[in-house]
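1. generate coordinates for the sequence data below:
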Amino acid sequence: MKKLVSILLTIMMIGALAAGCGKSSEDTKSSDGEKVKLTFWAGLTGDDQQAMADMVKQFNSEQDKIEVDFYSVTWGEIFTKLSAASNTESGPDVMLMHPTDLSTYAGKEMIVPLDDLIGTMDVNQEDYSDVIWKGNQVDGKQYGIPLDFHCMSMFINLDSFEAAGLTAEDAKVTSVDEFNALCEKLKTDDQYAVGLGSNYAHTYRYWYGLLGQAGGSFLNGDMTKAEFNSDAGAKALDFLADWVAKGYAPEAEADIDADWLGGTTAMVIEGPWFTPSAMASDLNFTTVPFPQVLGENSVWGSSHTITVPRYDKRSEEETEATQAFIGWIVENSFNWAAQSGQIPANQKVRESEEYKALEMYQYAQAFIDQAEYVKYEPLCPGTSEFGADNELSPVANAVYSVISKEKDSVSALDEAAESVDKILGN
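-> Just a heads-up that it's a prediction; the model follows:
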C-alpha cells in the first residue's frame, strides 16, 4: 500500500510538471486533473472473470488517480485481439496470460520484459518459490509476474473412504502398488475409484507430472527436440491406462467432475479452481497431493501471470500507473484466491493469517505442499501447439489414444514426438 501511495503522488507530480510545460491532454491523460486510464485484458470466464472484475472495482474505489477498465473474453479471442491491437493505443496496458504464452509473445516483441520495473512494483523475487518465479522467464528475462499457481491434487470423498475402511492418510500413496491397493479397496459395484477423462486436457496434465516422476523430460535441454518418447514417458502413460484396464476408472469418461460430484467416482484429480464447486456440493471431502508414485516428486503446474504488452508511446504517467496497479494486484491477491480458489503465488500472501483463515484454506494446503516441485510445460513457442491447452495437441491425442486402447504407449509417443519435432522446426 505504501508503494501505491508513493506512485500515486509521483503521478500527481508528473501531471503538474506536464501541465506546466504545456503538454496536451492527449500526451498526458491526467495533466488536467483527470484520472490516468488503463486497460486490463484477460481470458477469464465464469467465476474467475467475476473475481477479477471485483478486484478491479475495488482498486478503482480505493484511490482517485487511476481508473482501470477490465475486459475479459475467452483466451482464444483475447489473443486474437491482442495481435490486432499490438503496440497501438487500442491495446491493453496490462494483460493476464499463462507462462506457456510468454515465449510466443515475447518472441514477437508483443510484451515487454519486466526486470527493470519489478522493484517499482514492490514485487520481490524472494517472495516466490524459485520454480514458480523462473517459470515465468524467457531467455533469463522476467516477462510475467505470477499471480497464482495451480497444480493437481486429489479430491476424495470421505464417506466413500470410510465405507472402505480408509482415511485421508491412506490416499497419500508413494508407490504404484499403494495406489493400486487404494483403488482396489475403493471400487465397488456402484462406484469407480477414480476419474480419468478419455478426451480431456487434465489426462495430459496427469501424464506430464508422472513423466517427471519417472525421471523423464519433455524436451531436450535447449528445447529443440522431443524427449518424452522414452521409457519414462511410456511408464507414466501405461500407469494411467491401467486405471481403465483394471476397472479403477470408467471407460470413455466424459465428465470427471460431474462423476465425482454425483458419486460415480470416489476420487477426482483436479486443480484448485474446482474447490469452490466442491465446497458448494453436499459431499464430505478433503484434498491430498497428486499421487507421487514413480520415484521423483513432480506434478504438472501453471500460473496466471501478469504481463505488460508493448506500447512504445505509453506515457510516463501511464507507466507509473501500470506499475501501481500490478503491485496492488499482487499485494491483494488474497482476494483473487478467496473467490477463485487459485493459490497465491506470493508467499507473503499465501502465509498471511488472512489467507489461512479462509474456509477453503484446508483444501488449498494440498496444493501449497507441492509448490516446490511443480513442473511447468516448456517455455518455448511450440508449447502453444503441443501443450495441454491446445485441443489439437499431438501429445494430448497420443495420451488419449492409449487410454482408449487404440494404440500402445511406445508407438503413440513416438508418433507424437515426430509431430513435436516438426513443430520445433526439425
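2. quick one, helices of the stretch 1-150 of the chain?
-> Using DSSP state H, counting those that start in this stretch, the helices found in the stretch 1-150 of the chain span residues 2-20, 46-62, 75-85, 99-107, 130-134.
3. any residues touching the third one, and which ones?
-> What it means is helix 75-85. Contacts with helix 75-85, where a contact means C-beta atoms under 8 Å, 6 or more residues apart in numbering, come from 41-43, 72-73, 91-92, 95, 101, 105, 110, 309, 389. Just so you know, the C-beta spots here come from the backbone N, C-alpha and C atoms, and that holds for glycine as well.
4. that older thread, least reliable of the helices of the stretch 1-150 of the chain going by mean pLDDT?
-> Note on those: lowest mean pLDDT is at helix 2-20, with a mean of 46.
5. any idea of the mean pLDDT for stretch 322-338?
-> Across stretch 322-338, pLDDT averages out at 94.
6. and if you look at stretch 237-246?
-> For stretch 237-246, mean pLDDT rounds to 98.
7. name the residues of it that are buried.
-> Buried positions in stretch 237-246, judged by neighbour count with 16 or more other C-beta atoms under 10 Å: 237, 238, 239, 240, 241, 242, 243, 244.
8. pretty sure residue 166 sits against residue 186.
-> Yes - using C-beta atoms under 8 Å, residue 166 makes contact with residue 186 at a distance of 7.2 Å.
9. check contacts around residue 53.
-> Going by C-beta under 8 Å, 6+ apart, residue 53 touches 70, 72.
10. typo on my end, it should be residue 326
-> Shown in contact with residue 326 (C-beta under 8 Å, 6+ apart): 94, 121, 123, 145, 306, 308.
11. I'd like the buried residues of stretch 237-246 as JSON lines, with secondary structure and distance to residue 292 appended.
-> Shown next, in JSON lines, are the buried residues of stretch 237-246 (DSSP: H, G, I helix; E, B strand; the rest coil; distance: C-beta to C-beta, whole Å):
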{"residue": "237", "secondary structure": "helix", "distance to residue 292": "17"}
{"residue": "238", "secondary structure": "helix", "distance to residue 292": "17"}
{"residue": "239", "secondary structure": "helix", "distance to residue 292": "12"}
{"residue": "240", "secondary structure": "helix", "distance to residue 292": "15"}
{"residue": "241", "secondary structure": "helix", "distance to residue 292": "19"}
{"residue": "242", "secondary structure": "helix", "distance to residue 292": "17"}
{"residue": "243", "secondary structure": "helix", "distance to residue 292": "16"}
{"residue": "244", "secondary structure": "helix", "distance to residue 292": "21"}
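12. and residue 166 and residue 186? which has more neighbours close in?
-> With neighbours defined as other C-beta atoms under 10 Å, residue 166 and residue 186 compare such that residue 186 has more, 24 against 17.
13. per-residue confidence at the more buried one?
-> What the model reports as pLDDT for residue 186 is 99.
14. would you agree it is in contact with residue 246?
-> No - Residue 186 is beyond contact range of residue 246, at 12.0 Å (criterion: C-beta under 8 Å).
15. could you report the neighbour count for residue 77?
-> Residues lying near residue 77 (other C-beta under 10 Å) number 11.
16. now do residue 174
-> Neighbours around residue 174, by other C-beta under 10 Å: 11.
17. just to revisit the earlier point, identify, from the buried residues of stretch 237-246, the entry nearest to residue 421.
-> Comparing these against residue 421 with C-beta to C-beta places residue 237 closest, at 18.7 Å.
18. tell me the spacing between the closest one and residue 206.
-> Between residue 237 and residue 206 the distance is 10 Å, computed by C-beta to C-beta, to the nearest Å.
19. just residue 423 next, same as before
-> Residue 423 is 22 Å from residue 206, where distance means C-beta to C-beta.
20. out of those two, which sits in the more crowded spot?
-> A side-by-side neighbour count of residue 423 and residue 206, using other C-beta under 10 Å, places residue 206 first with 25 against 18.
21. then that one would be within a strand, right?
-> No - assessed with DSSP: H, G, I helix; E, B strand; the rest coil, residue 206 is helix; it does not lie in a strand.
22. pretty sure it contacts residue 153?
-> No - using C-beta under 8 Å, residue 206 is not in contact with residue 153, being 11.5 Å away.
23. intersection of neighbour lists for these two?
-> Common contact partners of residue 206 and residue 153 (C-beta under 8 Å, 6+ apart): 269, 290.
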